[in-house]
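**Student:** kindly generate the corresponding structure for this input.
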Amino acid sequence: MHLIVAEKNISARRIAQLLAGGQKVVEKKDAGVSTYSFGDTTTVGLRGHVVEVDFEPGYENWRSEQYTPRSLIDAKTIKVPTEKRIVALLQKLARHADRVTIATDFDTEGELIGKEAYELVRAVNRNVKVDRARFSAITPQEIKTAFANTTDLDFALASAGEARQSIDLMWGASLTRFISLAARRGGNNILSVGRVQSPTLSMIVDREKEIEKFVPETYWQLGLLTEKAGEPIEARHTNGRFKEQKSAELARDRTKEPLLVTEVREGTKQDRSPSPFDTTTYIVAAARLGFSAANAMRIAEELYMNGYISYPRTDNTVYPASLDLNGILATIKNSPFKKDVEWTIAHRRPEPTRGKKLSTDHPPIHPTGVATKEGIEDDAFRIYELVLRRFLATLAPDALWQTLKVNFDAGGEAYTTTGGHLIEPGWHTVYPFSEAKETILPAFTVGEKLPIRKVSLDEKETMPPARYTQSKLIQRMEELGLGTKSTRHEVIAKLVSRKYVEGTPLRPTLVGRVVTEALEHNADAITKPDMTQTIESHMQQIKESKRTRDDVIKESRSMLHAAFDQLEANEQVIGDDIRNRTAEELNLGRCPVCGGTLAIKHLRGSTQFIGCSRYPECTFNIGLPVTQWGWAVRTDDICEKHHLHFVRLVRKGARPWDIGCPLCHHISSNTESLTEIPSMNEALMEKARSQHIYTVAEIARSEPERLAKTLDLAPDAAQKLKTEAEGVLEKLRRRSECRKFMRNHLIPRKGRSYSKIMAALKESGVTDLAALATTNFAILQKAGIGETEAHDLLAEARITHNGQILKEIGIPAVSLKKYLAAGVITPEEFCSTHLEELSTRTGMSAGTVSRHVGLVCEYLHRPVPGKTEKTPRTRKGQKELLTARGMTTAVAEHLSKAGITDADSLLKADAQTLATRTGLDGDTILKIQTQIRKKREIIQI
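**Tutor:** Here you go, the predicted model:
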C-alpha cells in the first residue's frame, strides 16, 4: 500500500481526488478520522501537529519548591500525542504500507509536521520507504509533478522548527510562570510572556508612550481660492507651514489681486505596476479591505487547500522562471473576471514586475484555480478577487500620469497648485484596490491674471505618531526579524486574547503596559528585539546546516538564564508593582448607589459580574455573561452620562464583544422586562431608575413599605406592583429555562441565531418549556427549525417538561428515569396505564408503582387505575375483541400492555390517547372499535 500523509483532512481529500484520475475515491472513517483510498493508495490527513513538545512529568505544579520557573530552562522535554486517534490510525496504516509519502506544506512548520509523521511511521515500520512531495499549490499539474518527482525530507529544515518549538516552550513557560507567580495570578488570569510576543507588545507600549509624551506644535497654513472659466481652484502658499502666527498673518495681508501666473510646468510620471504578493504585502492589502491579519490568513489557507490560490506563506516577491504564467492566465480566463484577464493578455508587459525579496521555497501568492461567488463564501471570494487582480496587475503595463504644476504671485507672495491626469491607466484597469485620484486643472498661460475669491489662514497642530494597525505592526515585525511569515499574525492574535492589546488600531491595555514596563525595568533584554533577532538568525543557520539544533538551544538557555538573574533579584519589586498597578484594570468608576468603586469581579468557574467595593453594605451589582462568552475587561472609553469605563468581552478566536457602558447596557437590557409589569409606566420607570432600581427582580424582592416610600406610591399600589413583579419574574425564569433548553438542544447555524428563533417562537406565544412541549411542528419550522430537528426538539421538550412536573409531584429521580425509559412520560399516562403494566414495563415492584401512581392521580384529581370499579372481563368479551376484523396478535399484545383485554374496555378508550400509549395507529384502533360496534348492532337486530 502507498500511504500519503497530508497536513490536514481537506488536503488529504483533494490530493486523493487529483491523483486518482478517473478512479473512484472511497472515503472511510476509523474512530472518526477519514481516509481516502483509490487503487492501492490511501491518503490520510493530520490536524497540523499531532504531537507536541512538553516537559517531562513533574513540572505541572507551579508552586513546587523543587521545580521553580528557572528550572524549566534546563528541563528535559518529551513529545506527547495531542491527537491520539489520528496517531493511532496513522500507525495502523503505516504497518501495512510499503511506501509512505509525506505531503505536508513545504515550509519550516510543514517540514517539522512531516518529520513528526515520519517518526510515528518509523516506530511501527522501520524499513518502509519514506519520501517527500513538495508543492506550492494543490492543483492537478502541481500535485502530479510533485508526486512524480519526490525527494527526501529536509531534516535540517525540520530541526530549525524543532529548535523553535523547544525555545518558545522554554521561554514562554518559564517567564510566564515566573511573572504570574510574582504577581500572584493564576487560572484564567495568568500573565503570558513570550520570546516574540513580549518584544512585539513592547513596540505597541512604546508607541503609546510616544503618543502620550507628544507635545503638539502649532503652525499655520495659508491658502487661497481662485477660479478660471467658472471652475474653483485651490492654491497653497509655497512656504508650507508657518511656525509663527505673525509671519503667516503678514503673508496673508500682503496677498492681493491680481493672482498672476508666473510658471507652468507640464510633465509625465510613470506609475509602476505593483510587485507580486508575499505574505506581508498580502496581509497589508487585505487589511485595506477590512480583514484582520488572522482572518486574512485563515481565508487564504482555505483557498489554498481548495486549489484556488497558491501557498499563502511565502517571503518571495519574484515569480520563478518555472512558474507557468501563460497556464495560469488560461486557467483564470474561465473565472468571473474573464474580461480583465483578456485585457491583461492583450496589454501584457514584457516581463512581470519583481519585488525586492527572492526566495526558493514558494512563489509569490497567485491564483491557481477558478472560484465563483456561488461556490465560496463572500469573504473568501473577496480575497480570491484580491489575489487574482494582484496577479493581473503584476503582468499589466505601468500607468502614466500627466502632471501639471502652476506657480502664482499675489502681491509678492508665492502660491502653487498641482494637478494630475491619468492618461494611461495601465494596471489600474484591473486593480481597483489602489486609488488613482485625479486632480484636473484647466490650461494656464504665463502672465495671465486671475481673481482671488478667498484667502484662508488655518491654525493647525502637529499630530502624534499613529498607533500600529495589525498590518503595519506585521511589517515592522518583519523589518526587526520578529517571528516568521507563518507566526506573526498569530502573535498579534495572542496579544489580543491575552487582553494585552485592544482596539483598531492597536493600543495596550493597562495590564499589557504594566507587564511590559515591569520587564523593561528589571530584564529589558526580554522586551527588546535584539535577542530574538539573534535566535532567529541562528535558526536560519540550522536550516543551512551551519549550526546544530542542540547548539542553538544551548545558547538560548544561556540567554534566558542571564535574564532570570535579573528577574529573580527583583522578584518582590516586580510582583508588588504588577499587583498594585493592575488592580486599577478592573475598576470602572463610582457606584451610582453609594459612591463606592464599581469593579469587575471574576469568581471561580465561569461567573463574572460588576460589584461595589462597599459590599455587603452596598449590594448594587450588574450581571455579566459567563466567561464562555468572553473575559470581561475594562477599556479606556468612558460613558458621558454615567462616567463609567466601558466593558468588553474578549474571547480567543472570536471578535471582542463590546458591551459599552455597563450601566447603560444594564438599563437597556432590562427595559423590556420592566414593561411587562402591568402597573409599570414610563414615569414610574424613570422614578425607579432615579432611585437605582433597574430590574424586575429588585422590585419583586423589595418590601412593599420600601417600594411605597422609595417610589412615592400608596401602600396598596406598592403591594400590587410587587405582586405583579413576582409574576413577571417567574415568567422570566421560565423563559430563561426555555432559552437554555434551546441552546442545549439546537446547533447554531449561519443566519439562524438562538435570539432569532426565540423571537419567532415568542410571536407564536411559545415563551416557556410548557408551551414548547405542546406546540406543533409548523410553529417550529416557521421559526427556522428543520423537520427532523423539530421532531427531536419536541420529544426532548416533552420529556424535560413532564419530568419536572413529576419531580415536583414527588416521583424520585431514580424511579423517574425508569418511567421515562419505559415510555411513560406525562402525568396523564400514569393515570391511564394499569398498575400491573407499569410494574412490568419499569421493573419496579407493584407497591412502589402503586404509591407513585397514587401521588400523580391525586395531583390530577383522577382515580387511581385498579382502585375503581371495573367491568368484569368475560371470556365472551375477550373473544369478541380477538376476533374483530383488523385484530392481529401484535395489535392484541400492544392493547393488552395498555390494559385493554376485552371489547368493552376498548370501546370505552379514546382512540388517539390509546394510540399514543400503545404506539399503534389511531385509525387502526378506530376501525376495530367501529367494527365491534357494528357487529353488536347486527346481533341486537
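
**Student:** quickly note the distance from Gly503 to Arg467.
**Tutor:** 8 Å (C-beta to C-beta, to the nearest Å). Any C-beta I mention is one placed from the backbone N, CA and C, and that applies to glycine too.

**Student:** wait, is Lys28 part of a helix?
**Tutor:** No: in this structure, Lys28 is strand, not part of a helix, as judged by DSSP: H, G, I helix; E, B strand; the rest coil.

**Student:** follow-up on the earlier one: ok, Gly503 and Arg467, which is more surrounded?
**Tutor:** A direct count of neighbours by other C-beta atoms under 10 Å for Gly503 and Arg467 places Arg467 higher, at 19 against 15.

**Student:** who are the contact partners of the more buried one?
**Tutor:** Residues in contact with Arg467 (C-beta atoms under 8 Å, 6 or more residues apart in numbering) are Ile204, Arg207, Glu208, Ile211, Gly503, Pro505, Leu506, Arg507.

**Student:** mind running it again at 10 Å?
**Tutor:** 204, 207-208, 210-211, 473, 501, 503-508 (C-beta atoms under 10 Å, 6 or more residues apart in numbering).

**Student:** report how many residues lie close to the closest residue to it other than its chain neighbours.
**Tutor:** Spatial nearest neighbour of Arg467, excluding adjacent residues (C-beta to C-beta, 6 or more residues apart in numbering): Pro505 at 3.9 Å. Using other C-beta under 10 Å, Pro505 has 15 other residues around it.

**Student:** pretty sure Pro505 sits against Ile204.
**Tutor:** Yes: at 9.3 Å, Pro505 counts as touching Ile204 under the criterion of C-beta atoms under 10 Å.

**Student:** okay, and the common contacts of those two?
**Tutor:** Common neighbours of Pro505 and Ile204 (C-beta under 10 Å, 6+ apart) are Arg467, Tyr468, Leu473.

**Student:** between the contacts of Arg467, which is nearest Ala795?
**Tutor:** Thr504 (46.2 Å; C-beta to C-beta).

**Student:** gap between the most centrally placed residue in the chain and Trp631?
**Tutor:** The centroid of the chain falls nearest to Ala654 when counting by C-alpha atoms, centre = their mean (2.8 Å). Per C-beta to C-beta, Ala654 is found 11 Å from Trp631.

**Student:** quick one: common contacting residues for those two?
**Tutor:** By C-beta under 10 Å, 6+ apart, the residues touching both Ala654 and Trp631 are Ser497.

**Student:** OK, contacts around Val215?
**Tutor:** Glu461, Thr462, Pro464.

**Student:** cutoff 7 Å now
**Tutor:** Val215 makes contact with no residue, according to C-beta atoms under 7 Å, 6 or more residues apart in numbering.

**Student:** where does it land on pLDDT?
**Tutor:** At Val215, the model reports a pLDDT of 95.

**Student:** where does it fall, phi/psi-wise?
**Tutor:** Phi and psi for Val215, reported as degrees, to the nearest 10, are phi -110, psi 110.

**Student:** how far away is it from Lys243?
**Tutor:** Counting by C-beta to C-beta, the gap from Val215 to Lys243 is 14 Å.

**Student:** swap in Lys28?
**Tutor:** Distance, Lys28 to Lys243, by C-beta to C-beta: 77 Å.

**Student:** for Gly847, same thing?
**Tutor:** Between Gly847 and Lys243 the computed distance is 102 Å (C-beta to C-beta).

**Student:** pretty sure Cys612 contacts Cys594?
**Tutor:** Yes: under the criterion of C-beta atoms under 7 Å, Cys612 makes contact with Cys594 at 6.5 Å.

**Student:** who's more crowded, the two?
**Tutor:** Shown here are Cys612 and Cys594; by other C-beta under 10 Å, Cys612 has more neighbours (23 against 16).

**Student:** tell me the pLDDT of the more buried one.
**Tutor:** 94.

**Student:** which ones are touching it?
**Tutor:** Cys591, Cys594, Gly596, Leu598, Cys618, Phe620.

**Student:** from Asp206, how far off is it?
**Tutor:** With C-beta to C-beta as the criterion, Cys612 and Asp206 are 36 Å apart.

**Student:** hmm, back to that, which element is the residue nearest to the centre of the chain on?
**Tutor:** Per DSSP states H and E: Ala654 is located in neither a helix nor a strand.

**Student:** remind me which residues of this protein are low pLDDT?
**Tutor:** 652-653, 748-752, 865-878, 889, 897, 899, 940-941 (pLDDT under 70).

**Student:** output stretch 445-455 as CSV, nothing but the C-alphas.
**Tutor:** Extracted as CSV, the C-alpha positions of stretch 445-455 are listed here (Å, rounded to 0.1, in the frame of the first residue of the first chain):
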residue,chain,number,x,y,z
THR,A,445,-0.5,80.5,-19.6
VAL,A,446,2.3,82.5,-18.1
GLY,A,447,1.2,86.1,-17.5
GLU,A,448,-2.5,85.6,-17.2
LYS,A,449,-4.3,87.1,-14.3
LEU,A,450,-6.9,85.5,-12.1
PRO,A,451,-9.2,86.8,-9.4
ILE,A,452,-8.8,85.9,-5.7
ARG,A,453,-12.1,84.8,-4.2
LYS,A,454,-10.9,83.9,-0.7
VAL,A,455,-7.7,83.9,1.4
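
**Student:** show me what counts as buried in the helix ranked longest in the chain.
**Tutor:** Across the chain, the longest stretch assigned as helix under DSSP state H is helix 715-745. Residues 717-722, 724-726, 728-729, 732, 735, 737-739, 741-742 are the ones in helix 715-745 that count as buried (16 or more other C-beta atoms under 10 Å).

**Student:** can you check stretch 118-137 too?
**Tutor:** So, applying 16+ other C-beta under 10 Å, buried residues of stretch 118-137: Tyr118, Leu120, Val121, Asn125, Val128, Val130, Arg132, Ala133, Arg134, Phe135, Ser136, Ala137.

**Student:** related to what we said a few turns ago, what about the residue nearest to the centre of the chain, distance to Gly503?
**Tutor:** In terms of C-beta to C-beta, Ala654 sits 16 Å off from Gly503.

**Student:** before we move on, what about Glu266?
**Tutor:** Separation of Glu266 from Gly503 (C-beta to C-beta): 46 Å.
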